[in-house]
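Enquirer: Sequence and computational prediction follow.
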Amino acid sequence: NAGVMQNPRHLVRRRGQEARLRCSPMKGHSHVYWYRQLPEEGLKFMVYLQKENIIDESGMPKERFSAEFPKEGPSILRIQQVVRGDSAAYFCASSPPLGLGNEQFFGPGTRLTVL
Amino acid sequence: AQSVTQLDSQVPVFEEAPVELRCNYSSSVSVYLFWYVQYPNQGLQLLLKYLSGSTLVKGINGFEAEFNKSQTSFHLRKPSVHISDTAEYFCAVTYLGGGYQKVTFGTGTKLQVIP
């Protein structure tokens, strides 16, 4: 059973470009979470999605950031018109659909560098 | 709102010495507690979790943690560390809010094992 997959592992963008980060959850997991880890900081929750639904996006910046988890295919975190402050590691996690206390399984992350 | 405090941002310790990484949380509801480890340039991996039952929880790689409800703490311990334990450790609290499970991470503690 493959773990959570994220691609690309490293992404370099120039200011003003778009960044697309992909996350494929573990097989059988229908819940996806995105986190951002800034240098020397902990993980900050961004958004929680289930298939075709955004459940909680309270951690997402109001502008330029969006996320989706379509019925088919991976979850996508999109950052439009990137700025240097967007440089960070972005982690995706997935969990099974039911049960309190379920751990989240993390992907290896995408490290975004904005030049 | 939930919060997790990891008091020590960095902990240097000599190889084969014991270590304790501290974690305190604030919550007015029942919570579930986790410790994750992050090796350089990798995602997070679950070390152990407390859901209910015995307050002493044993995890992988010889780590254990004790849940103390009165002190709202969940400190991580290992009696004898190895060089390979050098990593960043994150305490996390999850609770049921808004109809689903929310997770709050601490800011992390970097464990540096000195040979």
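Expert: On my side now, so go ahead.
Enquirer: going forward, measure contacts between C-alpha atoms and count neighbours the same way
Expert: OK.
Enquirer: Run through the residues of chain B sitting next to chain A.
Expert: Residues of chain B found near chain A (CA under 8 Å from any CA of the partner chain) are B:32, B:41-46, B:51, B:90, B:94-96, B:101, B:103-108.
Enquirer: Please name every helix or strand in contact with the helix or strand hosting residue B:93.
Expert: Assigned by DSSP states H and E, residue B:93 belongs to strand B:87-97. Judged by 3 or more CA pairs under 8 Å, 6 or more residues apart in numbering or on different chains; DSSP states H and E, the packing partners of strand B:87-97 are strand B:3-5, strand B:32-38, strand B:100-105, strand B:109-114.
Enquirer: and these, which is most packed in?
Expert: Most buried of those, by mean neighbour count (mean count of other CA atoms under 10 Å in any protein chain shown): strand B:32-38, with a mean of 22.
Enquirer: Sheet-wise, list the partners of the helix or strand following that one with their directions.
Expert: Next helix or strand after strand B:32-38 toward the C-terminus (DSSP H and E): strand B:44-50. Under the criterion DSSP bridges, strand B:44-50 sits next to strand B:32-38 (antiparallel) in its sheet.
Enquirer: Give me the angle between the strand it pairs with and strand B:100-105.
Expert: Between the axis of strand B:32-38 and that of strand B:100-105 there is an angle of 50 degrees, by axes from the mean of the first three to the mean of the last three CA atoms, to 10 degrees.
Enquirer: buried subset of the residues of chain B next to chain A?
Expert: Buried by 16 or more other CA atoms under 10 Å in any protein chain shown: B:32, B:42-46, B:51, B:90, B:94-95, B:101, B:103-108, out of the residues of chain B next to chain A.
Enquirer: So what's the model's average confidence on the strand holding residue B:93?
Expert: Rounded to a whole number, the mean pLDDT of strand B:87-97 is 86.
Enquirer: Identify the residue nearest residue A:12 in space, chain neighbours excluded?
Expert: Closest residue to residue A:12 in three dimensions, ignoring its sequence neighbours and counting by CA to CA, 6 or more residues apart in numbering or on different chains: residue A:113, at 4.8 Å.
Enquirer: cool, residue A:102 as well?
Expert: By the measure of CA to CA, 6+ apart, the closest residue to residue A:102 outside its immediate chain neighbours is residue A:95, 6.8 Å from it.
Enquirer: What's the local residue count around the one you found?
Expert: Residue neighbour count, defined by other CA atoms under 10 Å in any protein chain shown, stands at 21 for residue A:95.
Enquirer: ok, it - contacts?
Expert: The neighbours of residue A:95, taking CA atoms under 8 Å, 6 or more residues apart in numbering or on different chains as the test, are A:26, A:29-32, A:102-105.
Enquirer: again with residue A:6
Expert: Taking CA under 8 Å, 6+ apart as the test, what residue A:6 contacts is A:21-24, A:92, A:107-110.
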